[in-house]
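Asks: Let me see the structure of the following:
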Amino acid sequence: MDRRKFISNTALTTAGIGMSGILAAKNISDSPAPSDTVNIGLIGCRNMGYGDLQQHLSNPGVNCVALCDVDENVLNEKAADLKKKFNQSPKLYKDFRKLLEQKDIDAVIIGTPDHWHCLMTVYALQAGKDVYVEKPMANSIAECNIMVKAANYYSNRIVQIGQQQRSGFVFLKAMELIKSGKIGNLRRVNIWANFSYGVGQQIVPDEPVPSGVDFDMWLGPAPSRSFNKTRFHGVWRMFWDYGGGLMSDWGVHLLDIALWAKDITTAPEKVLIYGANTFEEPRSRETFDSMSVIYPKSDFVINWDMTAGIQSGPYDSPYGLAFVGDLATITVDRNKLIVRPEWDSLAKKTKTDEYKFTEGKESHSDHAKNFIECIKTRSKPACPPEIGRAAAIHVHIPNIAARTGESMLLWDDANNRFTNSEKANQLIKPAYRQPWTLPSF
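Replies: From the prediction side, this is the model:
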């Protein structure tokens, strides 16, 4: 029996799910039956979204039945590629609300800019769809909170956040070694992320909206403005209305792994921050290219260091983590994991055994496979919303601090506010442009 037959046929009109922040009543079966096929709709087709879709389609029995993008050039290009590579011909949309009305869709992949993640996730859950949403899970603290509440409300839906390292062997192995005591007591985690693209694009003037692009829909709840290609495809994340720069792009991935070592799923209570733009050439950006952040925890500390405009770092890697323990340090990135033992000068031997794995690979396919399996079994996915929220808030707080000139922020997670800065509190919740409204619970 097909899973989608268990979903009620509640009508969700374009206006109904697009303009209302009021939750629909729960009306979806608590026990959808497993099925050999999963029908997927993709929202946001250009880059990560289409890459995610291809990873999902590599699993048996997965079909793409709908594509949506505000750029009809991208939409048509990806539709042709999908036909060529997978012999599939999905329905095409420029408005995601119309896609969500398509009743044979079991799950959606949301690969849009970050400022759209919250609305689309909530509307998809209202429409009875499971959701795979790219990281960071949202572009603000308030939106992260809303998404967690929505996932809890629609608790019979599967929501996977695209922090794919949670499904990768290298990082799973690192967690096994740390939690089994291989490095002794974990004392600190040093993280670095140095990427050239983080400085932003060269400055160019505004220009007319390209043919085939619904730019007003691309902006959505973000403020209205003129078109500039340095704020559009592939480079939008350097502007606060749409993203959080290198800090949110790589920060959620790497900080997530640091939090995983101690199974932390809450926001940080205290954050010490330095953020600035130190690259010598003016660039088209609002976000920061250099940041140093300290996250004191109850029994260890996490240090974040980021320099955009360069592509090198410690241990011959532009990015990575070093888990520092009493017995050894584990260094890890997506390609390799190395246990570097401390030397026992009295015993004249290492304090633990060496270990090295250097054949790591990207784990998008593993994360997609996990999502598909969870759709069929209704099991909890590798990266549920509460984990995505913790990682996202760990990057949003430093960005908020640097934007407001605060060198330290204290966060009250129970009341969702900063206790030492009203300026920072003003950046917790975004102001949505009408007619879009922030969902409420």
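Asks: okay, now the domains of this structure?
Replies: Domain assignment for the chain, taken from automatic domain parsing, gives 3-166+367-384, 169-361+392-425.
Asks: Mind putting the ones you listed into JSON lines with mean neighbour count and distance to L438?
Replies: All C-beta spots, glycine's among them, are computed from the backbone N, C-alpha and C. Below are the domains of the chain laid out as JSON lines (neighbours: other Cβ atoms under 10 Å; distance: least, Cβ to Cβ, whole Å):
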{"stretch": "domain 3-166+367-384", "mean neighbour count": "20", "distance to L438": "6"}
{"stretch": "domain 169-361+392-425", "mean neighbour count": "18", "distance to L438": "8"}
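Asks: Could you dump those domains into JSON lines and include mean pLDDT?
Replies: As requested, these are arranged in JSON lines below (pLDDT from 0 to 100):
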{"stretch": "domain 3-166+367-384", "mean pLDDT": "87"}
{"stretch": "domain 169-361+392-425", "mean pLDDT": "98"}
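Asks: any chance of those in JSON lines, plus distance to A431?
Replies: Converted to JSON lines, the domains of the chain look like this (distance: least, Cβ to Cβ, whole Å):
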{"stretch": "domain 3-166+367-384", "distance to A431": "10"}
{"stretch": "domain 169-361+392-425", "distance to A431": "8"}
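Asks: To S440, which of those domains lies closest?
Replies: Nearest to S440 among those is domain 3-166+367-384 (4.6 Å), distances taken as Cβ to Cβ.
Asks: rewinding a little: go through the domains of the chain and name the closest to T437.
Replies: T437 lies closest, by Cβ to Cβ, to one member of those: domain 3-166+367-384, at 4.3 Å.
Asks: Quick check, L410 in contact with A424.
Replies: No - using Cβ atoms under 8 Å as the test, L410 is too far from A424 to be in contact (9.5 Å).
Asks: Now the common contact residues for those two.
Replies: Counting by Cβ atoms under 8 Å, 6 or more residues apart in numbering, the residues touching both L410 and A424 are F418.
Asks: The residue nearest to the spatial centre of the chain sits in which helix or strand?
Replies: Taking Cα atoms, centre = their mean as the criterion, K135 is the residue nearest the geometric centre of the chain, at 0.8 Å. When secondary structure is defined by DSSP states H and E, K135 falls outside every helix and strand.
Asks: Renumber starting at 153 from here on
Replies: Sure, I'll start counting at 153 from here, so that last one is K287.
Asks: so what's it up against?
Replies: I313, G314, Q315, V404, H405, G540, A543, A544.
Asks: Can you tell me, leaving aside adjacent residues, what's nearest to the fifth one?
Replies: The shortest distance from H405 to any non-neighbouring residue, by Cβ to Cβ, 6 or more residues apart in numbering, is to Q317 (5.7 Å).
Asks: ok now do the one you found, which residues does it touch?
Replies: With Cβ under 8 Å, 6+ apart as the criterion, the residues that contact Q317 are F323, H405, D408, I409, R486, S515.
Asks: swap in G336?
Replies: G477, D478, L479, A480, K503, T504.
Asks: Over to D368?
Replies: D368 makes contact with S376, according to Cβ under 8 Å, 6+ apart.
Asks: re earlier: for P587, which of the domains of the chain is the nearest?
Replies: Distances from P587 to each of the domains of the chain were compared using Cβ to Cβ; the shortest belongs to domain 155-318+519-536, at 5.1 Å.
Asks: Give me the distance between the closest one and the centre of its chain.
Replies: Its chain's C-alpha centre lies 14 Å from the corresponding centre of domain 155-318+519-536 when counted by Cα atoms, centre = their mean, to the nearest Å.
Asks: Stretch 584-593 too?
Replies: Relative to where its chain is centred, stretch 584-593 has its mean C-alpha point 21 Å off (Cα atoms, centre = their mean).
Asks: what mean pLDDT does that stretch have?
Replies: What stretch 584-593 shows for mean pLDDT is 94.
Asks: and it, C-alpha only, in PDB?
Replies: The C-alpha coordinates for stretch 584-593 follow below in PDB (Å, rounded to 0.1, in the frame of the first residue of the first chain):
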ATOM      1  CA  TYR A 584       9.000  39.700   7.200                       C
ATOM      2  CA  ARG A 585       8.000  41.700   4.100                       C
ATOM      3  CA  GLN A 586       4.300  41.700   3.400                       C
ATOM      4  CA  PRO A 587       2.300  39.700   2.400                       C
ATOM      5  CA  TRP A 588       4.600  37.000   3.900                       C
ATOM      6  CA  THR A 589       4.200  36.500   7.700                       C
ATOM      7  CA  LEU A 590       6.300  34.600  10.200                       C
ATOM      8  CA  PRO A 591       4.500  31.500  11.300                       C
ATOM      9  CA  SER A 592       3.200  31.500  14.800                       C
ATOM     10  CA  PHE A 593       2.500  28.800  17.400                       C
END
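Asks: buried stuff in that stretch?
Replies: The neighbour-count criterion (16 or more other Cβ atoms under 10 Å) identifies Y584, L590, P591 as the buried residues of stretch 584-593.
Asks: from those residues, which ones fall inside strands?
Replies: Using DSSP state E, no member of these falls in strands.
Asks: Let me see the ranges of the helices in the protein.
Replies: Counting by DSSP state H, the chain forms helices over residues 166-171, 200-209, 224-238, 248-252, 269-278, 293-305, 321-331, 367-371, 397-412, 516-529, 537-556, 574-577, given from the N-terminal end onward.
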